[in-house]
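# here is my input, please return the structure:
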Amino acid sequence: MLDVCLSLPAEALLIECGSEVLGVNVPAFLKCLKHRRPSAKMILAAPDAAAALGGTQLLGEMGFTPTLITGACCDTPIGRERTERLCGTAVANMARGEMHEALL
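Predicted structure coming up:
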């Protein structure tokens, strides 16, 4: 699947990896993706700041650093501030059309 996706002419490829970072084959898939696209940008979607922190830590253990965090954790200014402070990663509410320079 990854070979097919990465062979298509596109400016971006969105891959949704299931409901959790530790889902079946997600770690193996991410490792393969990193090998094929070491400079790929990763967006972590999280429901709250605690999930964003846990996801960031799990990804870090696998050798990844999210480029941006989005999701319900970014629905309010307080949520955005807390998530960014806890995780040390840029945040944006992409559902509301926010964009972040980290993705450019």
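# only C-alpha atoms for contact and neighbour calcs from this point on.
Noted.
# not counting sequence-adjacent ones, nearest residue to K31?
Spatially, and ignoring its direct neighbours in sequence, K31 is nearest to M62 (7.9 Å; Cα to Cα, 6 or more residues apart in numbering).
# okay, now that neighbour: neighbour count?
Counted with other Cα atoms under 10 Å, residues neighbouring M62 total 13.
# any weak-confidence spans in the protein?
18-19, 96-100, 102-104 (pLDDT under 70).
# now do the buried residues in the lengthiest helix in it.
Criterion DSSP state H: the longest helix present in the chain is helix 49-61. By neighbour count on 16 or more other Cα atoms under 10 Å, the buried set for helix 49-61 is A49, A52, L53, G55, T56, Q57, L58, L59.
# so which elements touch it?
Counting contacts by 3 or more Cα pairs under 8 Å, 6 or more residues apart in numbering; DSSP states H and E, helix 49-61 packs against strand 43-45, helix 77-87.
# can you put those in TSV and add mean neighbour count and distance to C32?
Listed next are the helices and strands packed on helix 49-61 as TSV, based on neighbours: other Cα atoms under 10 Å; distance: least, Cα to Cα, whole Å:
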stretch	mean neighbour count	distance to C32
strand 43-45	21	17
helix 77-87	17	25
